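Q: Sequence and predicted structure are below.
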Amino acid sequence: MKIQVEDLSPIRKKLIIEVEPEKVKEEWETVYRGVNKKVKMKGFRPGKVPRSLVERYYGPQIEDEVIRNLVSRNYPEALKESHLIPIAMPLLDQPAFNPEGPFTFQATIELKPEIIISDYKGLSLNRQEVAIKEEDVENRLSLIQRSHGVLSSLMEDRPLQQGDFAVIDYNSWLDDRPLPDGSAANYDLEVGGGYFNADFEKELLGQKKGETREFEIQFPETHGNALLAGKRIKYKVTLKEIKERILPELNDEFAKGLQEGLFTSLEDLKAKIREDLANMEKQRAEAKVNEELLDQLTAKTEFEIPEGLVDQEMEAMMARLEQDMGRRGMTWPQNEADRNRIRENMKPVAQKRVRRQLILEKIAALESLEVQKEELEAEFAKIALGVNQSAGFVREVYQKNNMLPQLSAQLLEEKTLTFLKDQAQITHS
C-alpha cells in the first residue's frame with residue numbers, strides 16, 4: 001500500500017491511498033467465490049455457475065463489495081501509518097475501478113487543531129454580588145398567589161382587558177391555507193400573560209363577548225416556531241367568554257396550604273422565596289463570570305475550527321430544539337428549507353461553542369485535569385435526585401445509551417472552568 005498525504009490546511013488533510021494490484025485481485029477472488037456459492041441460476045448447481053455468467057450478472061455487486069472491503073481495511077491502516085487521528089468520518093472519493101490494476105482512493109479528513117495558549121492563569125474577572133430586594137420577593141410571592149387563583153366568569157358586561165382570561169375559538173391561515181395545528185375551540189388565554197403571542201393578545205384588547213375579529217400577525221425571523229418564523233399569519237378569533245382570576249388572601253393559612261408541613265407562616269414562605277432567588281442570582285452571576293473567562297481565553301488564541309465538529313454540534317442543537325418543541329406541543333418543521341434555515345441560524349453559536357470546548361480541552365490536557373470515577377458517581381447521584389431514581393439506574397441508562405463520553409466531557413469542562421477561576425483574580429461588585 002502506498003500513501004501520500006496532502007496538506008489542504010492546518011487541520012484538513014487528503015490521503016491518497018493506493019492498493020497493490022495483487023491485493024485487488026485477491027479481494028476480487030474472495031468476494032467472487034462468496035457470491036458464486038449463493039448464486040442460483042437455472043440449469044446450474046449452486047457453486048457451479050460459469051464465471052463469465054456470474055461476473056456478467058453480478059459484476060456490479062462484486063465490485064461494490066470489493067471496494068467497500070478495500071476501503072474499510074486499508075483506510076485505518078493508512079491512518080495508523082500516517083499517525084493521523086481524524087475527528088469524523090472521511091470524505092471518500094475514488095476513480096473508476098479496474099479489477100486488473102491497482103485501486104486508488106482518496107480520503108479527505110479533518111484533525112483537531114494544534115492550539116497554542118499560554119497565560120491563561122491569573123485572568124482578571126468580576127463577580128457580581130448577589131442582592132435580593134424585598135420587591136423581588138413580593139413579585140415572586142404575587143406569582144405564587146396568582147397561580148393559586150380561581151377563575152370565575154365575569155359577571156359585569158365589559159370588553160376584554162389586560163389580565164383577563166379569554167375563552168376563544170380561533171383559526172389561522174398562511175397564504176390562504178389553514179395552518180397545521182393552527183386552530184382550537186374553547187381555548188383559554190390569559191391576555192397580557194405572554195404565553196401565546198404578545199401581538200396576538202393585544203389584538204384582543206377591547207373585544208366583547210360574542211364578537212369575532214380578523215387580523216394578521218407578522219412573526220419575526222427569530223421566532224422559536226420554525227413554521228411561523230418570518231411568516232405573516234392571518235387569524236380569525238371569536239371571544240366566547242371572559243373570566244377573571246379571584247386571588248386568595250396572602251396570610252399564614254395560605255402559606256401552610258401550599259405544601260403540607262413545609263411552611264408554618266407567610267414569613268417562612270418569604271424566607272424560602274428569598275433563598276431560592278439568591279441561589280438563582282448566584283447561578284446567573286457565575287454564568288457571567290464563565291462567559292467573561294471564556295471570552296478572554298478565546299481572544300488569546302486563533303485557530304481553524306473543524307467543520308466536522310461544528311456539524312456535530314449543530315446536529316445536537318437541532319435534536320435538542322426538536323425535543324423542546326415536542327414537549328411544548330409545537331410542530332417540528334417538515335419542510336427541508338425551513339430546517340436548513342434553522343440550522344444555518346445555529347451555526348455561529350455552534351462555532352463559538354466548539355472553539356470554547358477545544359480551548360478548555362487543551363488547558364485540561366496541559367494541567368493534567370481528568371474526571372475521576374468518584375466525580376462521575378457524584379454526578380449520577382445528583383441526576384438521580386432530580387428524577388427520583390437511584391444512582392445505579394442513572395448510571396445504567398448512561399452506559400446503555402453510550403452517553404458517558406458526553407457526560408465526562410461536560411464534567412471535565414466544568415472542572416477546567418473551576419480550575420481557571422481558582423487561578424484568576426476576581427473582584428466583586
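A: Received, thanks.

Q: in stretch 80-100, what counts as buried?
A: 86, 90, 97, 99 (16 or more other C-beta atoms under 10 Å). (C-beta placed from N, C-alpha, C; glycine too.)

Q: Reformat those as a markdown table; add pLDDT, distance to Arg327 and secondary structure.
A: Below are those laid out as a markdown table (pLDDT from 0 to 100; distance: C-beta to C-beta, whole Å; DSSP: H, G, I helix; E, B strand; the rest coil):
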| residue | pLDDT | distance to Arg327 | secondary structure |
| --- | --- | --- | --- |
| Pro86 | 95 | 35 | strand |
| Pro90 | 94 | 36 | coil |
| Phe97 | 89 | 49 | coil |
| Pro99 | 87 | 54 | coil |
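
Q: would TSV of these with distance to Leu143 be doable?
A: Shown next, in TSV, are the buried residues of stretch 80-100 (distance: C-beta to C-beta, whole Å):
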residue	distance to Leu143
Pro86	51
Pro90	54
Phe97	69
Pro99	75
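
Q: Tell me the one of those nearest Val394?
A: Pro86 (32.1 Å; C-beta to C-beta).

Q: Tell me, how many residues neighbour Ile16?
A: For Ile16, the count of nearby residues is 15 (other C-beta atoms under 10 Å).

Q: Show me where the stretch 201-350 of the chain has its strands.
A: For the stretch 201-350 of the chain, applying DSSP state E, counting those that start in this stretch gives strands covering 212-218, 232-246.

Q: rewinding a little: name the nearest of the buried residues of stretch 80-100 relative to Arg73.
A: Pro90 (14.2 Å).

Q: Please name the residues that touch the residue nearest in space to the middle of the chain.
A: Against the mean C-alpha coordinate of the chain, by C-alpha atoms, centre = their mean, the closest residue is Met317 at 2.4 Å. By C-beta atoms under 8 Å, 6 or more residues apart in numbering, the residues touching Met317 are 346, 349-350.

Q: ok, now Phe44?
A: Phe44 neighbours (C-beta under 8 Å, 6+ apart): Pro50.

Q: chain center to the helix or strand harbouring Phe393, what's the gap?
A: Using DSSP states H and E, Phe393 sits in helix 391-400. Per C-alpha atoms, centre = their mean, to the nearest Å, the displacement of helix 391-400 from the mean C-alpha position of its chain is 21 Å.

Q: Equivalent analysis for stretch 293-301, please.
A: Remark: stretch 293-301 is offset 24 Å from the chain centroid, using C-alpha atoms, centre = their mean.

Q: one step back: buried among the contacts of Met317? Make that a PyMOL selection.
A: Filtering the contacts of Met317 down to the buried ones (16+ other C-beta under 10 Å) takes a single PyMOL command:
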select buried, resi 346+350
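
Q: circling back to that earlier point, quick one: the helix or strand that the helix holding Phe393 is followed by to helix 391-400, angle?
A: Heading C-terminal from helix 391-400, the first helix or strand you meet, by DSSP H and E, is helix 404-423. Interaxial angle of helix 404-423 relative to helix 391-400 (axes from the mean of the first three to the mean of the last three C-alpha atoms, to 10 degrees): 110 degrees.

Q: List the buried residues of helix 404-423.
A: Neighbour counts using 16+ other C-beta under 10 Å place 407-408, 411-413, 415-417, 419-421 of helix 404-423 among the buried residues.

Q: what mean pLDDT would you report for it?
A: Helix 404-423 shows a mean pLDDT of 96.

Q: Quick check: Thr427 vs Arg127, distance?
A: 7 Å (C-beta to C-beta, to the nearest Å).

Q: ok, those two, which is more surrounded?
A: Set side by side, Thr427 and Arg127 show more neighbours around Arg127, with 17 against 9, by other C-beta under 10 Å.

Q: How much space separates that one from Leu294?
A: 15 Å.

Q: right, and Leu411 touches Val371 too?
A: Yes. Using C-beta atoms under 8 Å, Leu411 is in contact with Val371, at 4.7 Å.

Q: ok, now which ones touch Pro333?
A: Contacts of Pro333 by C-beta under 8 Å, 6+ apart are 226-227, 339, 342.

Q: any idea which of the strands of the stretch 201-350 of the chain is most buried?
A: Of these, the one with the most neighbours on average (mean count of other C-beta atoms under 10 Å) is strand 232-246, at a mean of 17.

Q: Name the strands paired with it and say parallel or antiparallel.
A: According to DSSP bridges, strand 232-246 forms sheet pairs with strand 150-153 (antiparallel), strand 165-174 (antiparallel), strand 212-218 (antiparallel).

Q: Now Pro10: which helix or strand?
A: Short version, using DSSP H and E: Pro10 is in no helix or strand.

Q: so Lys14 sits in a strand?
A: Yes. Membership of Lys14 in a strand is supported by DSSP: H, G, I helix; E, B strand; the rest coil.

Q: Tell me, how many residues neighbour it?
A: Lys14: 16 neighbours (other C-beta under 10 Å).

Q: Count the residues that sit near the residue lying closest to Gly101 once chain neighbours are set aside.
A: Among residues not flanking Gly101 along the chain, Pro21 sits closest, at 5.5 Å (C-beta to C-beta, 6 or more residues apart in numbering). Pro21 has 14 neighbours, counted by other C-beta under 10 Å.

Q: Can you check the pLDDT for Pro21?
A: On the pLDDT scale, Pro21 gets 95.

Q: swap in the one 10 residues further on?
A: Reading off the confidence values, Val31 has pLDDT 94.

Q: now swap in Leu79 and tell me
A: Confidence at Leu79, expressed as pLDDT, is 96.

Q: dump the residue contacts of Pro178.
A: Neighbouring residues of Pro178 by C-beta under 8 Å, 6+ apart: 171-172.

Q: Quick check: it vs Ser172, distance?
A: Using C-beta to C-beta, one gets 7 Å for the distance from Pro178 to Ser172.

Q: any residues in contact with both of the two?
A: By C-beta under 8 Å, 6+ apart, no residue touches both Pro178 and Ser172.

Q: In this structure Val5 contacts Lys14, no?
A: Yes. At 7.3 Å, Val5 counts as touching Lys14 under the criterion of C-beta under 8 Å.

Q: Compute the number of surrounding residues for Ala384.
A: 17.
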